[in-house]
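>>> got a structure for you, letters missing:
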């Protein structure tokens, strides 16, 4: 199979994911440790039927990739949506569907429970966005007192600790309601622009990061001048 990634397509479930990836790839390429020219080879496409559309029908991906042996594809969607069969089944089915298409490389990232988890960085800019004057540990304690359970989202090793709310979207809505601010795309864009990427311990983000770094190395090897 070809190792050429001259055509990179990100298929995502919604506009929030699209906005986050756009900021990360265009503005945070140094933090991601990818080449500045990476976006020259990329497209980000939002599926019109969102998460269920990416899970149930691979035809859009089949058409847009045009069976190209030089295409690398990443499919990204949430685990949590109405009718979801769960993370393992979602990933397994999409991988099987992609295997039927002659692609150079593909990856499937199912974010558990949802992309909202990526916002919970604990960085100063995140705390500023939710207008929280104390530290991240105090914020998690405040959420616990208000009925939101905290979980460990680090899968790197047995001793890693990555505390985040188990209901990341509902917790964000709760915190933003305190300051009469809606949970909108702008909020995620602001976090993506300023949060530390080196300290992020979320498994789905680390997989995204390692995937684009791998594709970046391929681009560098086939285009030594970039």
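Looks like it came in fine. All figures in this text were calculated on a predicted structure; none of them were measured in a lab. Residues are numbered from 1 along each chain as shown.
>>> which other helices and strands contact the lowest-mean-pLDDT helix or strand in the chain?
Of all helical and strand segments in the chain, the minimum by mean pLDDT, DSSP states H and E falls on helix 59-65, at a mean of 70. Taking 3 or more CB pairs under 8 Å, 6 or more residues apart in numbering; DSSP states H and E as contact, the helices and strands that helix 59-65 lies on are strand 7-12, strand 71-78. Heads up, the C-betas are built off the backbone N, CA and C, glycines and all.
>>> okay, those strands in CSV with mean pLDDT next?
Putting the helices and strands packed on helix 59-65 into CSV (pLDDT from 0 to 100) gives the following:
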stretch, mean pLDDT
strand 7-12, 93
strand 71-78, 94
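>>> pLDDT below threshold where in the protein?
Across the chain, the ranges flagged by pLDDT under 70 are 1-3, 64-68, 104, 155-160, 224-226.
>>> Please verify my assumption that residue 93 contacts residue 55.
Yes: counting by CB atoms under 8 Å, residue 93 touches residue 55, with 6.6 Å between them.
>>> who's more crowded, those two?
Using other CB atoms under 10 Å, the more surrounded residue of residue 93 and residue 55 is residue 55, with 24 against 15.
>>> The more buried one contacts residue 95, doesn't it?
No: using CB under 8 Å as the test, residue 55 is too far from residue 95 to be in contact (11.6 Å).
>>> Looking at the protein, which helix is longest?
Counting by DSSP state H, the longest helix found in the chain is helix 203-222.
>>> packing partners for that helix?
helix 29-32, strand 71-78, strand 105-111.
>>> And the strands in the chain?
Along the chain, the segments classed as strands by DSSP state E run 7-12, 42-46, 71-78, 105-111, 150-152, 163-165.
>>> Can you say which of these is packed in most?
With neighbours taken as mean count of other CB atoms under 10 Å, these reach their highest mean count in strand 71-78, at a mean of 25.
>>> who touches that strand?
Residues from elsewhere that reach strand 71-78 (CB atoms under 8 Å, 6 or more residues apart in numbering): 5, 7-13, 17, 21, 50-51, 54-55, 61, 65, 84, 90, 94, 98, 103-115, 208, 211, 215, 218.
>>> ok, now with 6 Å
Contact with strand 71-78 is made by 5, 7-13, 17, 51, 54, 65, 94, 103-109, 111, 114, 215, as judged by CB atoms under 6 Å, 6 or more residues apart in numbering.
>>> before we move on, the earlier item: could you dump the helices and strands packed on helix 59-65 into JSON lines with distance to residue 182 added?
Compiled in JSON lines, those are given as follows (distance: least, CB to CB, whole Å):
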{"stretch": "strand 7-12", "distance to residue 182": "21"}
{"stretch": "strand 71-78", "distance to residue 182": "19"}
